[in-house]
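> Fold the stuff below for me.
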Amino acid sequence: MAAENLHGVFDTLSKSRSRLNVPANPQDESPSARIERLGRERPSAFPNLWTELFCLFGIIMSQFLTEFFVSGFTVILPPLARELNIPQALQVWPATAFSLVISSTLLIFGRLGDMYGGYPLFFAGLAWLLIWSLIAGFSSSPVMLDICRALQGLGAAAFLPTGVMIIGSLYRPGPRKNLIFAIYGTAGVLGFFGGIAIAGIVGQFLHWSYYFWIGAALAAITLIASICAMPYSTLANDSRKKVKMDYLGAVCIVCGIVLTIFAITQSAHAPSGWQTPYVLVIFLLGIMFLAGTWYVERNVVSDPLLPASLFSVNSMTPLLIALLLLYGTWGIFSVNGSLYFQTVLSASPLQVVVWYIPIGVVGLVVSIIEGYILHLVPGHVIMIISGLAAVGSQLLLAFIPSSGGSYWAWIFPSSILSTLGIDLSTILMTVFITTVVPSSQQGLAGGVLNSVLQLGVALVLGLADIIQSAVVKETGLEKSYKATFWLGVGVAGASLIILMIWGRIPKAASSLTADEEQGQVSSS
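Numbers count the residues shown, from 1 in each chain. Presented below is the predicted three-dimensional model:
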């Protein structure tokens, strides 16, 4: 049924050619009509629609798997922690190790994708995730679990940027690309719900190991489908051979992100908080490495990991900052919200699963609608709606009455708004960033985008953990979670202000690719 629905969606895009009054003889087309037609057609790399669908299935499932291993782990953590005797103060590390490794290494894997092509890294990332998911299910100690979670993150860091790279290189700017990235963005929301649903069922009826083994099985299916369906003739671009690894910048970025996020997160559980010597030293070292990254990328290396050309694009820097903050609010909703529902509202894991069903349904519907209207509605409008939704979602959580309140009055609309907050903005930014960069930097585009998203979750959750740990000692569990929701309101509000001022993204209409535009400039 799902395949038939997708078939109908893509068939509608293809049939729309007749509405464009395209001449039977392509030589009689005007340049604008040809660009519009190419923006709607299936890429020539795919011999038929089914090949395209299976290829997209592999890439979309990679996004699903990433969110699956983030959201579901928070549900399975309580029984897992009891069995492995993980203290409360140390439970934060298996929960955050996955996202922390992803956010700190995405740019490196994105550059490797630009150097060697997307396919090898995409396949290797899926295989690596499969292996360490299997091993994670056999974890017998907290240290083993932490290592497995971190190594799982390396797999996701390899296939996330290269997945975006493959889609961005296959599809031209236009409605078909918009729809593809809309479905790709929806996979994250579905993965979030799928992770919670499977973890809830496993936690209720099975041993926690089955959560990891089910994820490994999904990774195996994704890997097999991808190997069979990818159009290997594409992405053979000689310009990639000219790209070199920025080793100095890579070391500075990884050390800076890991040390800074580690210090922020650990400060909530250290004996004296920020006054604990090792926390302050690690934080200062992290800041020094991040400052070193800025200096190295601007003044030392000839082929920086973060080229200035990317940030010279109009409004790119404020847009990425706004996206980081928006995705951070999603982290508060998914992690702190889930814990609040279970610990304060006394909801069972399966009840939380049922509560989150609207997230998957609404996310799918909204994403497909967005895919159809991105070429019609200015991006500035969509980004403002996204920011308003994020603010509304956090406000509803912050104002839930102490008695619990009605699900339909508070939690249901908060879930819907939270989905809108991240779906609309992430899909639009994915289309935008992969359209404005040339084919030789598609891996970089995927790395930057996914790094911002994962870093937003890790950073904002680290700050939320500090606030929650400080408030819980004085006012109790319920008010400590409410304090994190108010943090979410502030973060979402800051993002909304940025988007209102700088979120000037044009309509995602059919147009020349970045390579074609550069070629026109060169020829002129």
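
> so how far is the one helix or strand residue 352 maps to from its chain's centroid?
When elements are assigned from DSSP states H and E, residue 352 belongs to helix 349-355. How far helix 349-355 lies from its chain's middle: 23 Å, per CA atoms, centre = their mean, to the nearest Å.

> That one: what's the following helix or strand?
helix 357-373.

> Show me what the following helix or strand past that next one is packed up against.
Sequence order places helix 379-398 as the next helix or strand after helix 357-373, per DSSP H and E. Using 3 or more CB pairs under 8 Å, 6 or more residues apart in numbering; DSSP states H and E, the elements in contact with helix 379-398 are helix 316-331, helix 412-436, helix 477-502. Heads up, the C-betas are built off the backbone N, CA and C, glycines and all.

> Provide the angle between the direction of the second one and the direction of helix 477-502.
Which is helix 412-436. Going by axes from the mean of the first three to the mean of the last three CA atoms, to 10 degrees, helix 412-436 is angled at 40 degrees with respect to helix 477-502.

> And for the first one?
For helix 316-331 against helix 477-502, the angle between stretch directions is 160 degrees (the same axes, to 10 degrees).

> Who are the packing partners of helix 316-331?
Using 3+ CB pairs under 8 Å, 6+ apart as the contact test, the elements touching helix 316-331 are helix 379-398, helix 412-436, helix 442-475, helix 477-502.

> As CSV, the ones you listed with mean pLDDT would be great.
Shown next, in CSV, are the helices and strands packed on helix 316-331 (pLDDT from 0 to 100):
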stretch, mean pLDDT
helix 379-398, 92
helix 412-436, 86
helix 442-475, 81
helix 477-502, 92
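
> would you list the ones you listed in JSON lines and tack on distance to residue 117?
As requested, the helices and strands packed on helix 316-331 are exported to JSON lines (distance: least, CB to CB, whole Å):
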{"stretch": "helix 379-398", "distance to residue 117": "30"}
{"stretch": "helix 412-436", "distance to residue 117": "16"}
{"stretch": "helix 442-475", "distance to residue 117": "9"}
{"stretch": "helix 477-502", "distance to residue 117": "34"}
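
> Residue 326 reaches residue 492, doesn't it?
Yes - assessed by CB atoms under 8 Å, residue 326 is found in contact with residue 492 at 6.9 Å.

> Mutual contacts of these two, please.
387, 390, 421 (CB atoms under 8 Å, 6 or more residues apart in numbering).

> By neighbour count, which of those residues wins?
residue 390 (34 neighbours; other CB atoms under 10 Å).

> For residue 331, see how far away it is.
From residue 390 across to residue 331, the span is 12 Å (CB to CB, to the nearest Å).

> Give me the residues contacting the helix holding residue 352.
For helix 349-355, the surrounding residues in contact (CB under 8 Å, 6+ apart) are 75, 193, 196-197, 199-201, 203-204, 338, 341-342, 347, 407, 411-412, 415.

> by contact count, what packs against the longest helix along the chain?
The single longest helix within the chain, with elements called by DSSP state H, is helix 49-84. Contact partners of helix 49-84 among helices and strands, from 3+ CB pairs under 8 Å, 6+ apart: helix 2-15, helix 92-116, helix 118-136, helix 142-170, helix 175-205, helix 209-229, helix 338-343.

> can you give me the end-to-end distance of stretch 109-122?
10 Å (CA to CA, to the nearest Å).

> what comes up buried for it?
Residues 109-119, 121-122 are the ones in stretch 109-122 that count as buried (16 or more other CB atoms under 10 Å).

> next one: stretch 209-226
Those would be 209-216, 218-220, 222-223, 225-226, for stretch 209-226 by 16+ other CB under 10 Å.

> ok, of the residues you listed, which one's closest to residue 278?
Nearest to residue 278 among the buried residues of stretch 209-226: residue 212, at 31.4 Å, using CB to CB.

> What residues does the closest one make contact with?
Contacts of residue 212 (CB under 8 Å, 6+ apart): 133, 134, 136, 137.

> Recalculate using a threshold of 6 Å.
The contact partners of residue 212, taken as CB atoms under 6 Å, 6 or more residues apart in numbering, are 133, 136, 137.
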